[in-house]
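1. How does the following fold in three dimensions:
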Amino acid sequence: MRIPESELIINSDGSAFHIHIRPDQLADRVILVGDPGRIEMFRPLFTTIECSGASREFAWITGIYGGCRFTVLSTGIGTDNIDIVMTELDALANVDFNTREVKPEHRTLDILRIGTCGAIQPEIPLGSFIFSHISIGCDGLMNWYEGRDTIALADFEEAFKKHVHWNRHLPDPYFVRASDKLIGLFDDCTVKGMTVSASGFYGPQGRVVRQGLAMPDMLSDFESFEFQGYKITNFEMEGSALAGMAAKLGHNAGTVCCAIAHRYLKDANTDYKPRVAELVRLALDRMTSC
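-> The predicted structure is shown next:
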């Protein structure tokens, strides 16, 4: 079936509409970062840079590290941008941009998001690397797609909603497990995480400035939730959409974050960039074994 122009927009240079990458420029190993400026952390580490580009918040480079080809792409903030990025990355891999038809053989991408987060458990120190074994989508994105229940952990969802007294005005949360392949790559060097992906930085993460919260006990309820050996470890804003979209589209994906704030201890580290640089190198080294 041919995909119409209105559903998948292709630029005149043959690149995907938002991220401006052509199919031949996309590597099988993809690293996602939020901040476009973080792309610069990768340039000196690559032995070769094949190509690069930028459009809005989507900056990218494709190059070689450790003998392996990587594409590093910034997404900006939020699960809505992950919806754009994952749809277009999958199209680059699995749609023929000339015929607009799905390719007969599926190409699987290995996609890792490197980010920052706020820890909520007292035993997790600032600077920890937390790998999201399970992501909790409080944004509602995956509820827009058919088959959402086929990739979601229903027992986690029901236990969570009951424990935190989920507000009926909010979208149903979804729980998605990261790729076992990527979990295995980082299992010995990261904290096992169950991570909330929030739809905002303030209220959706329990911060109060001048507006109260729909769930006033949210932080303490999240901290005390425990199910099947997992506790909620941290907040960030993109991982659930990545895990959900990847699971639906047949890619391996996961999120690893450096804890730069501690919601339980009311502490934060603004000089976190050296620690994130350590995470970048660790991630590249581990991903070369994909």
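2. okay, now residue 200: neighbour count?
-> 13 (other Cβ atoms under 10 Å). Backbone N, C-alpha and C define where each C-beta goes, glycine included.
3. for it, phi and psi?
-> Backbone torsions for residue 200, taken as degrees, to the nearest 10, come to phi -160, psi 170.
4. Could you tell me how far the spatially closest residue to it that is not a sequence neighbour is located from residue 101?
-> The shortest distance from residue 200 to any non-neighbouring residue, by Cβ to Cβ, 6 or more residues apart in numbering, is to residue 237 (7.7 Å). When Cβ to Cβ, to the nearest Å is the yardstick, residue 237 and residue 101 sit 34 Å from each other.
5. rewinding a little: how close does the residue nearest to residue 200 get to residue 189?
-> Separation of residue 237 from residue 189 (Cβ to Cβ): 23 Å.
6. With residue 147 instead?
-> Going from residue 147 to residue 189 by Cβ to Cβ gives 33 Å.
7. Which elements pack onto the least confident helix or strand in the chain by mean pLDDT?
-> Taking mean pLDDT, DSSP states H and E as the measure, the chain has strand 267-268 as its least confident helix or strand, at a mean of 83. With contacts defined as 3 or more Cβ pairs under 8 Å, 6 or more residues apart in numbering; DSSP states H and E, the packing partners of strand 267-268 are strand 252-262.
8. Parallel or antiparallel, list what pairs with the strand it packs on.
-> Its sheet considered, strand 252-262 pairs with strand 110-119 (parallel), strand 129-137 (antiparallel), strand 267-268 (antiparallel) by DSSP bridges.
9. Next, format the ones you listed as CSV and append distance to residue 12 and mean neighbour count.
-> Output for the strands paired with strand 252-262, formatted as CSV (distance: least, Cβ to Cβ, whole Å; neighbours: other Cβ atoms under 10 Å):
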stretch, distance to residue 12, mean neighbour count
strand 110-119, 27, 25
strand 129-137, 35, 26
strand 267-268, 45, 13
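10. Can you tell me the closest non-neighbouring residue to the one residue sitting closest to the centre of the chain?
-> Most central in the chain under Cα atoms, centre = their mean is residue 239, positioned 3.2 Å from the mean C-alpha point. Nearest non-adjacent residue to residue 239, counting by Cβ to Cβ, 6+ apart: residue 255, 3.6 Å away.
11. before we move on, what about residue 58?
-> That would be residue 19: by Cβ to Cβ, 6+ apart, it lies 4.6 Å from residue 58.
12. That neighbour reaches residue 55, doesn't it?
-> Yes. Contact criterion Cβ atoms under 8 Å: residue 19 and residue 55 qualify, at 7.1 Å.
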